[in-house]
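Asks: starting from these lines, generate the structure:
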Amino acid sequence: MGCSALIAQQPDKVDANRGVIDGRAQGTTYHIVYYADQQIQKSAIDSILNDIDLSMSIYNKQSLISKFNQPGVMQVHMDSHMKKVIAESFRYYKLSKGQFDITVAPLVQLWGFGPERIEALPDSMQIRNALKNVGMHQLKVKGNRLIKSNPAVTIDLNGIAQGYSVDVLAAYLSGQGVRNYIVELGGELRIQGLKPDGDKMKVGVERPVMHNGKMELNQDVIALSSGAITTAGNFEKFLMDKGRKITHHIDPRTGYSYPSSIVSVTVYAPSAIDGDALDNIFMAMSPKEALAFADKRKNVDIYVIYNNQNGEIEEAHTKGFDRLFYINRNLNE
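Replies: Numbers count the residues shown, from 1 in each chain. As a prediction, the model looks like this:
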């Protein structure tokens, strides 16, 4: 999922038609800014997010996903939320040639990035055993049913469901006649329209840089009027084992963390569900591979921060993302 590197920028002055809704959901916070004559109720937003939690939250024991993950349960009847996210998960599983895999949770837990603490890092035997229960080839969809061929398979949709949630909230606002808004949930954003003064919406992007031998976070700003911005990274979430960096981005095909030099990737995409899935895929690639992959995708642009061969921080981005920064520089001149 996206980290907290993306922050919706506050406007310089108060507007009578500006509404703000803040809250907590999915183990994180959400923040909505909109410009409209009508008022959007916080209770309606919370109700939408609660419905999604009842579908796909692994922390809610009554959710559909929790029931599916129970030992011995072989299938579940999906609701509309889960059905859409599962369909997108299969699409990105195929697109990434198995890099994006919603059954990877047992491996993530083995390496200490799951909900439970571990006493020691896993050995090769433990990894081989866990791999038997990993792989979306062990899942299939039949109508509204999600079926697993191996009773030990479990799924975790956190790598895509948060982006989906952002899109659902954006669709709700649009359905209520709101044309200008920013929706942010756990660092994933969906943007539509302009501010009342005609300015584009502004988003802060944290950029780690070396200063006097220490890593610091600087912030730049991009401006846009539509689309989604998501981010993924291992800048803070990693382990060190005998000098080797182990990140929480685990390869579901090998059981070990990806050797990529990428520290973080920020994605611009048409929808937040696309950006949420793609930023995880990009984290598994080399910077060169990630840029080439993004260039082949319509309306997808990325900004990558990575370590070079000397361990120094460098940046790279597609031409489209460069234009986002260029627009911002012009606005500030």
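Asks: show me what the host helix or strand of residue 273 packs onto, helices and strands only.
Replies: Following DSSP states H and E, the helix or strand that holds residue 273 is helix 272-282. With contacts taken as 3 or more CB pairs under 8 Å, 6 or more residues apart in numbering; DSSP states H and E, helix 272-282 sits against helix 80-95, helix 158-175, strand 188-192, strand 226-233, strand 262-269, helix 287-295. Bear in mind the C-beta positions are built from the backbone N, C-alpha and C, glycine included.
Asks: show residues contacting that helix.
Replies: For helix 272-282, the external contacting residues (CB atoms under 8 Å, 6 or more residues apart in numbering) are 1-2, 85, 88-89, 92, 95-96, 99-100, 159-160, 162-164, 166-167, 170, 188-190, 228-232, 249, 262, 265-269, 290, 293-294, 297, 300, 302, 304.
Asks: am I right that residue 18 is in contact with residue 35?
Replies: Yes. Using CB atoms under 8 Å, residue 18 is in contact with residue 35, at 5.6 Å.
Asks: higher neighbour count, the two?
Replies: residue 35 (20 against 16; other CB atoms under 10 Å).
Asks: list the contacts of the more buried one.
Replies: Contacts of residue 35 (CB under 8 Å, 6+ apart): 15, 17, 18, 19, 178, 180, 181, 193, 195, 196.
Asks: what helix or strand does the nearest residue to residue 82 once chain neighbours are set aside sit in?
Replies: Sequence neighbours aside, residue 55 is the residue nearest to residue 82 in space, at 4.9 Å (criterion: CB to CB, 6 or more residues apart in numbering). Assigned by DSSP H and E, residue 55 belongs to helix 42-56.
Asks: residues in a beta bridge with residue 214, which ones?
Replies: In this entry, residue 214 is beta-bridged to residue 211, by DSSP bridges.
Asks: distance check, it against residue 310.
Replies: For residue 214, the distance to residue 310 (CB to CB, to the nearest Å) stands at 16 Å.
Asks: thinking residue 83 is in contact with residue 143, fair?
Replies: No. With contact defined as CB under 8 Å, residue 83 does not reach residue 143; the gap is 9.4 Å.
Asks: more neighbours: which of the two?
Replies: For residue 83 versus residue 143, the count of surrounding residues by other CB under 10 Å is larger for residue 83: 17 against 9.
Asks: mind checking how far the residue nearest to residue 57 when sequence neighbours are not counted is from residue 280?
Replies: Spatial nearest neighbour of residue 57, chain neighbours left out: residue 63 (4.8 Å); criterion: CB to CB, 6+ apart. Distance from residue 63 to residue 280, counting by CB to CB: 21 Å.
Asks: run through the stretch 51-200 of the chain and note the low-pLDDT ranges.
Replies: For the stretch 51-200 of the chain, no stretch has pLDDT under 70.
Asks: between residue 63 and residue 280, who's got more neighbours?
Replies: Between residue 63 and residue 280, counted using other CB under 10 Å, the more crowded position is residue 280 (25 against 19).
Asks: find the residues that touch each one of residue 18 and residue 35.
Replies: Counting by CB under 8 Å, 6+ apart, the residues touching both residue 18 and residue 35 are residue 196.
Asks: close enough to count as contact, residue 157 and residue 85?
Replies: Yes. Residue 157 is within contact range of residue 85, at 5.6 Å (criterion: CB under 8 Å).
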